[in-house]
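> what's the 3D shape of this:
(one chain, ligands or ions: 1)
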Amino acid sequence: MSIRVPENILEIKPYVPGKPIEELERELGIAQSIKLASNENPLGASPMALTALRNAIGNLHRYPDGSGHAFIRDLADHLECPPGAIVMGNGSDDIIALLANTLLRPGERAVMPQPSFLMYEIAVRAVGAEPVFVPLQSLAIDLDGMRRAVDQKTRLVFLCNPNNPTGTVISGDDFDRFLAALPLDVVVVVDEAYIEFVRDASCLQSKAYWGGGRSIVTLRTFSKLYGLAGLRVGYGVMPEELAGYLNRIRQPFNVNSLAQVAARAALQDHAFVERTLHVVHDGLTFLFGALTDMGIRYFPTQSNFFLIDVACDAEAVFQAMLRLGVIVRSMKGYGYPDYIRVNVGTPEENQRFIEALKEVLGR
Ligand SMILES: Cc1ncc(COP(=O)(O)O)c(C=O)c1O
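Okay, the predicted model is just below:
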């Protein structure tokens, strides 16, 4: 075949998602595997969302509300922001792509931490613009380095708070200094996919900057805290002018009707949110305790996942854990060949993970 593909597309390394349970079980002929590789909600989906979904199923022959009127109204109430500041997305991935499509052209640049969420790079390369990587310092985003990397060609800066895969956060004070030194025409994206899990009071909350005259975009998702990863629903909050530009190129029905219904119900499911936070925070305490007892180094986190230094080939540990039916993430491709990333599961899953790790590492 002689397909002529632009160089920028050829340069993209495909995103490798966490291995699905079904795929592992099919490949190895095993059952009852557990997945702690995609930072999903261990409790499943919000029960209120599930009830709302069952009630909405009769309307599937209708197109969704392309403006997401009720969904965006509910979100605006929940977030205390104007509805016009919200852009809904087929997952927050969709908003990342919309931002790149709206704001970047070939020859322009987007500055991003490395390692961080891989979709920033993919979205930037997809439009032929140039990703500029700023290495983390001690697993945390280096805001001074990011500021220095901004030049006249920079249109966008991506920050991930807490950062995936390291779980570190940016402090509000550091962000203030960063913003003060940043040219006014650079759009700052703060990806808050995991912000609800944060307990560090000094952590940046980008919400504080909404309506403040700077071009700040907050990204949030229903995939983690609310357990709706499979439905694909997320959103961005940004200056209304910018929201208008993104909406010009947004697919008219990018968030399907079930996703809108479920997300609205999930917003009201305070009991589920509370239970999720308990399970995650108690799970972290258990896992950290067990790893300490095993003499294994791990890194503190403000999220529902964290890094573990297995002090040997992470890829081999990942493969050996798979054979025991436990899916984690090797960090080799992220530049940490000795680290794995694991997310908190149910108490039973956490126990099973620890037992599998003991077996694999021979402790
Ligand atoms: C930092 C970060 N941002 C965004 C996303 C994408 O979330 P969504 O499922 O809303 O597309 C993820 C998913 O893993 C993530 O880790």
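> Can you get me a residue count around the nearest residue to Val187 once chain neighbours are set aside?
Counting by CB to CB, 6 or more residues apart in numbering, Val187 lies nearest to Ser215, which is 4.3 Å off, once chain neighbours are set aside. (Each C-beta comes from the backbone N, C-alpha and C, glycine too.) If you count neighbours by other CB atoms under 10 Å, Ser215 ends up with 20.
> my guess is Ser215 meets Met238, correct?
Yes. Counting by CB atoms under 8 Å, Met238 is a contact partner of Ser215 at 7.4 Å.
> List, one by one, the residues from the stretch 1-150 of the chain near the ligand.
Selection of the stretch 1-150 of the chain residues close to the ligand by CB under 6 Å from any ligand atom yields 39, 91-93, 117.
> Now with 8 Å, please.
Counting by CB under 8 Å from any ligand atom, the stretch 1-150 of the chain comes close to the ligand at 38-39, 89-94, 96, 116-117, 119.
> What is the nearest of those residues to the ligand?
Gly91 (2.6 Å; CB to the nearest ligand atom).
> Could you check how far that closest one is from Phe117?
According to CB to CB, to the nearest Å, Gly91 and Phe117 sit 12 Å apart.
> Check Ser257 too.
28 Å.
> What of Ala52?
For Ala52, the distance to Phe117 - CB to CB - is 29 Å.
> more neighbours, Ser257 and Phe117?
Taking neighbours as other CB under 10 Å, Ser257 and Phe117 compare with Phe117 leading, 21 against 18.
> quick one: the strands in the stretch 101-250 of the chain?
All strands of the stretch 101-250 of the chain, identified by DSSP state E, counting those that start in this stretch, fall at 109-114, 130-135, 154-160, 187-191, 216-221, 234-237.
> do the last one and the ligand meet?
Looking back up the chat, that one is strand 234-237. Yes. Using CB under 8 Å from any ligand atom, strand 234-237 reaches the ligand at Gly234.
> Begin at 34, not 1, for the rest of this chat.
Sure thing, new numbering starts at 34, so read that last one as strand 267-270.
> quick revisit: do you know which of the strands of the stretch 134-283 of the chain lies nearest Ala299?
strand 249-254 (11.3 Å; CB to CB).
> touching the ligand at all, the closest one?
Yes. Using CB under 8 Å from any ligand atom, strand 249-254 reaches the ligand at 252, 254.
> What is that strand packed up against?
If contacts are counted by 3 or more CB pairs under 8 Å, 6 or more residues apart in numbering; DSSP states H and E, strand 249-254 sits against helix 125-136, strand 220-224, strand 267-270.
> now the ones you listed in JSON lines, with distance to Ala296, mean pLDDT and mean neighbour count?
Below are the helices and strands packed on strand 249-254 laid out as JSON lines (distance: least, CB to CB, whole Å; pLDDT from 0 to 100; neighbours: other CB atoms under 10 Å):
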{"stretch": "helix 125-136", "distance to Ala296": "12", "mean pLDDT": "98", "mean neighbour count": "23"}
{"stretch": "strand 220-224", "distance to Ala296": "18", "mean pLDDT": "98", "mean neighbour count": "24"}
{"stretch": "strand 267-270", "distance to Ala296": "9", "mean pLDDT": "98", "mean neighbour count": "26"}
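> Reformat the ones you listed as a markdown table; add distance to Tyr367.
Below are the helices and strands packed on strand 249-254 laid out as a markdown table (distance: least, CB to CB, whole Å):
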| stretch | distance to Tyr367 |
| --- | --- |
| helix 125-136 | 18 |
| strand 220-224 | 16 |
| strand 267-270 | 22 |
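> mind checking which of those is nearest Gly322?
Using CB to CB, the helices and strands packed on strand 249-254 put strand 220-224 closest to Gly322, at 29.9 Å.
> Which residues does that closest one contact?
125, 129, 132, 136, 150, 188-194, 212, 215, 237, 239, 247-252, 275 (CB atoms under 8 Å, 6 or more residues apart in numbering).
> switch the cut-off to 7 Å
125, 132, 136, 150, 188-194, 215, 239, 248-252 (CB atoms under 7 Å, 6 or more residues apart in numbering).
> One more: stretch 264-275?
108, 112, 114-115, 117-125, 127-128, 243, 248, 250-256, 288, 291-292, 295-296.
> what about it, start to end distance?
In stretch 264-275, first residue to last residue: 26 Å (CA to CA, to the nearest Å).
> do the same with stretch 374-383
First residue to last in stretch 374-383 (CA to CA) measures 13 Å.
> Let me know whether that stretch sits next to the ligand.
No. On the criterion CB under 8 Å from any ligand atom, stretch 374-383 is out of touch with the ligand, staying 9.9 Å away.
> buried residues in that stretch?
374-378, 382-383 (16 or more other CB atoms under 10 Å).
> chain center to it, what's the gap?
Computed by CA atoms, centre = their mean, to the nearest Å, the chain-centroid distance of stretch 374-383 equals 18 Å.
> Quick one: list the elements packing against the longest helix along the chain.
The residue-count maximum for a helix in the chain (DSSP state H) belongs to helix 303-327. On a contact count with 3 or more CB pairs under 7 Å, 6 or more residues apart in numbering; DSSP states H and E, helix 303-327 meets helix 380-394.
> that older thread, next step: the buried residues of stretch 374-383 restricted to helices.
Going by DSSP H, the helices hold 382-383 from the buried residues of stretch 374-383.
> Any idea what Gly267 is bridged to?
In this entry, Gly267 is beta-bridged to Gly122, Thr254, by DSSP bridges.
> could you check the distance from Thr309 over to the ligand?
16 Å (CB to the nearest ligand atom, to the nearest Å).
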